[in-house]
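# Sequence plus predicted model, see below.
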Amino acid sequence: MAHEGVARRGLMLVLSSPSGAGKTTLSRRLLAEKQAELSVSVTTRPQRPGEIDGQHYHFIDKRRFEEMVRQSELLEWATVFGNSYGTPRAPVEAALEAGRDMLFDLDWQGTQQLREKARDDLVSVFVLPPSIPELERRLRSRAQDPDPVIRARMAKAGDEMSHWAEYDYVVINEDIEQSAAQVRAILAAERLRRERQIGLTEFVRGLQSQL
């Protein structure tokens, strides 16, 4: 927590990992603890039963999405299986200006786009599984996907893990409690970076004036 006399600019925390390594569980933990707010993406895919517009996604049509791309209203975007997804710039900028931290669940390509546009605000964490057998066990224990999907996720994991060195921090998620504590420590340190404490100059001058 910043000192009351020092304003702080918020940061963008990105968690990436192969499917099954635990980033979704970590994200939910951080959100429940109010460590950060979730950045809500826009998407052109149809709304699914139980999804709430503005909470899970902002559902928009293809024409509006293309307009947002043209107007540079998105910090990052991608098209997957014919549906487009993107991060709206305006709400993220407003949150950072107000000193609030934003959480992003992105792959390495989305993280790369964010880095190009907002490097100073970005803190990136790559989550690794402790082993490949454990990764497969977690994917199977979810009991959500048939065998061919699990095999495809395992095959994709190798490519995703090859990008670990592009991240600021790496967490090996053997134990979720320990991993959550490590991410909280990363956040605590990054919030204290000199350049994020935008009122420090005035604060130090105030201290010096009392000498």
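Ah, there it is.
# Now the residue lying closest to residue 176 once chain neighbours are set aside: which helix or strand?
Nearest residue to residue 176 in three dimensions, chain neighbours excluded: residue 25, at 5.8 Å (CB to CB, 6 or more residues apart in numbering). The C-beta positions use only the backbone N, C-alpha and C, and glycine is treated the same way. Here residue 25 sits within helix 23-32, counting by DSSP states H and E.
# same thing with residue 124?
With DSSP H and E as the criterion, residue 124 is inside strand 122-128.
# Isn't the residue nearest to residue 176 up against residue 175?
No - applying CB atoms under 8 Å as the test, residue 25 and residue 175 come out as separate, 11.4 Å apart.
# And the two? Which one has more around it.
residue 25 (15 against 11; other CB atoms under 10 Å).
# Tell me how far that one lies from residue 111.
Counting by CB to CB, to the nearest Å, the gap from residue 25 to residue 111 is 19 Å.
# Show me where the chain has its strands.
12-16, 37-38, 42-43, 58-59, 74-80, 83-88, 102-105, 122-128, 169-172 (DSSP state E).
# what residues does the third one touch?
The one in question is strand 42-43. 57-60, 65, 68, 74, 83-88 (CB atoms under 8 Å, 6 or more residues apart in numbering).
# Pull up the pairing partners for that strand, direction included.
strand 58-59 (parallel), strand 83-88 (antiparallel) (DSSP bridges).
# Can you say which of these is packed in most?
Looking across the strands paired with strand 42-43 with neighbours counted as mean count of other CB atoms under 10 Å, the highest average goes to strand 83-88: a mean of 19.
# Identify whichever of the strands of the chain lies nearest to residue 206.
strand 122-128 (28.6 Å; CB to CB).
# so what strands line up beside that closest one?
strand 12-16 (parallel), strand 169-172 (parallel).
# so that strand versus strand 74-80, what angle?
30 degrees (axes from the mean of the first three to the mean of the last three CA atoms, to 10 degrees).
# can you map out the helices along the protein?
Taking DSSP state H to define them, one finds helices in the chain at 23-32, 62-70, 89-97, 108-118, 132-141, 147-161, 176-191, 200-209.
# okay, the angle between the first one and strand 12-16?
Per the same axes, to 10 degrees, the angle that helix 23-32 makes with strand 12-16 is 150 degrees.
# and helix 23-32, how far out from the chain's middle?
Helix 23-32 sits 10 Å away from the centroid of its parent chain (CA atoms, centre = their mean, to the nearest Å).
# can you give me the mean pLDDT across it?
For helix 23-32, mean pLDDT is 94.
# Likewise for the longest one?
Averaging pLDDT along helix 176-191 yields 97.
# And the last one, by the same measure?
Within the predicted structure, the mean pLDDT of helix 200-209 is 93.
# First-to-last residue distance for stretch 167-183?
13 Å (CA to CA, to the nearest Å).
# Need the contact partners of it.
13, 15-17, 21-22, 25-26, 29-30, 111, 122-130, 164, 186.
# Can you tell me which of those are buried?
Among these, those classed as buried by 16 or more other CB atoms under 10 Å are 13, 15-17, 21-22, 26, 29-30, 111, 122-129, 186.
# okay, the contacts of strand 42-43 in a markdown table with pLDDT next?
Formatted as a markdown table, the contacts of strand 42-43 follow (pLDDT from 0 to 100):
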| residue | pLDDT |
| --- | --- |
| 57 | 94 |
| 58 | 96 |
| 59 | 98 |
| 60 | 97 |
| 65 | 98 |
| 68 | 98 |
| 74 | 97 |
| 83 | 94 |
| 84 | 96 |
| 85 | 95 |
| 86 | 96 |
| 87 | 96 |
| 88 | 97 |
